[in-house]
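1. Quick one, fold the following:
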Amino acid sequence: MQGQPYHVLVIDDDPNVRDILSDLLKRERCVVHTAESGLSGIAAARAELPDLILLDVMMPDLDGFSVCRMLRDDPLTAEVPIIMITALDDRLSRLEGVKAGADEFLSKPVELSELRLRVRTMQRINRYRRLIEERERAAAQERLLTEQARQAAQAVAEAYDQTLIGWSRALDLRDKETEGHSQRVAQLTLAVAQALNIPPEEQNNMWRGAMLHDIGKIGVPDSILHKPGPLTEEEWEIMRCHTTYAYELLSPIAYLRPAIDIPYCHHEKWDGTGYPRGLRGEQIPLAARIFALVDVWDALINDRPYRKAWSREQAYQYICEQKGKHFDPNLVDLFLSIAALDLAKAAERQVAGEDEAQ
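-> Below you'll find the predicted structure:
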């Protein structure tokens, strides 16, 4: 037999039978172990963990049925194939052996050709079993490594995201008027993305992009960023550069590259009058079109250095007016139903009342 040695344990109280079986098994290149009683056979099986057990039924201390049951009850030997050798040729004895856990039966006197065939069959089955076990172990190891890799990647992603939160807070702290802005717009962006059934991984990238949408403003001087009045045209030129600065900062970072649409494109407008590239309509990435609504809404209803906050009603009206101009007309109604559900319902009631009046 090729490959690993095939170990066979012969349990029989007759020394002549043990010798005959041992001689035949050695011709089949098996490593043979012997035991002269049921109790010593159980001990040998536990010690050697053989690939096959040849077990006599009629023995003085423990009969083969009892030995078989005890071997099957022991986790160490429960899966070892057992061929019972018996002088009993009746159906009830074989049923008793099956109940005890025997895999095969041979009748005494043993025909050597039949024994050879049974042993070779068990060898082949054992090879298949080992192959299956090895494949299962390999699959389990692969699953373990995959899970470990997933956990490691998740830990790295969480560490990165905590860093992003730190960056966004640092940006907000630079401008007291916009403190908390990044967290608010990130959450509202996710709410819209979920309503659109955008895949989870894309939602994660949108969240990251929203948290870092103003990262490029670190390149804008404080004198412009905090100016209490309107900006001059020259100052606007500098301010508009913050989207390009964001692209230059984030694009070299592989982890953040998929999140770059919002920092780079959130000032583009549906009608093509935005910046930095003057994209029009669906040329603008969906994430940026969503965020444009979110960003303007949050900016309007909160104080800024150059003006006081608008009322929600004023902001709602402005968003509606900019449908198809600044904003994607297909997103406006959905956005307002999330950001200002009460106002959206009131507008619906007003339209319904006007229709009834007509």
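
2. Tell me which stretches of this protein form strands.
-> 6-11, 30-35, 52-56, 82-86, 104-107 (DSSP state E).

3. Pull out the buried positions in the last one.
-> With burial defined by 16 or more other C-beta atoms under 10 Å, the residues of strand 104-107 counted as buried are E104, F105, L106. No exception for glycine: its C-beta is placed from N, CA and C like everyone else's.

4. With stretch 108-128 instead?
-> K108, V110, L115, R118, V119, M122, Q123, N126, R127.

5. which ones are touching the residue lying closest to E48 once chain neighbours are set aside?
-> Nearest residue to E48, sequence neighbours excluded (C-beta to C-beta, 6 or more residues apart in numbering): H33, at 5.2 Å. Residues in contact with H33 (C-beta atoms under 8 Å, 6 or more residues apart in numbering) are H7, V8, L9, V10, A44, E48, P50.

6. Low-confidence regions, the chain specifically.
-> By pLDDT under 70, the low-scoring segments of the chain are 1-3, 88-90, 169-170, 172-179, 305-306, 347, 350-358.

7. what residue is smack in the middle of it?
-> R150 (6.5 Å; C-alpha atoms, centre = their mean).

8. still on that earlier bit, as CSV, the strands of the chain with distance to V17 would be great.
-> Output for the strands of the chain, formatted as CSV (distance: least, C-beta to C-beta, whole Å):
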stretch, distance to V17
strand 6-11, 8
strand 30-35, 10
strand 52-56, 7
strand 82-86, 8
strand 104-107, 11
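
9. Check the ones you listed for me and report the most buried one.
-> Compared across the strands of the chain, strand 52-56 shows the largest average neighbour count, a mean of 27 (mean count of other C-beta atoms under 10 Å).

10. List the neighbouring strands of that one plus their orientation.
-> Sheet pairing here is set by DSSP bridges, and for strand 52-56 it gives strand 6-11 (parallel), strand 82-86 (parallel).

11. How far off centre is that strand?
-> Distance of strand 52-56 from its chain centroid, counting by C-alpha atoms, centre = their mean, to the nearest Å, is 47 Å.

12. May I have it exported as CSV, CA atoms only?
-> C-alpha atoms of strand 52-56 as CSV (Å, rounded to 0.1, in the frame of the first residue of the first chain):
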residue,chain,number,x,y,z
LEU,A,52,-8.8,-1.0,11.0
ILE,A,53,-9.8,-3.4,13.7
LEU,A,54,-10.4,-7.2,13.1
LEU,A,55,-12.4,-8.3,16.1
ASP,A,56,-13.3,-11.8,17.2
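
13. how far off strand 30-35 does that strand point, in degrees?
-> Between strand 52-56 and strand 30-35, the angle comes out at 40 degrees (axes from the mean of the first three to the mean of the last three C-alpha atoms, to 10 degrees).
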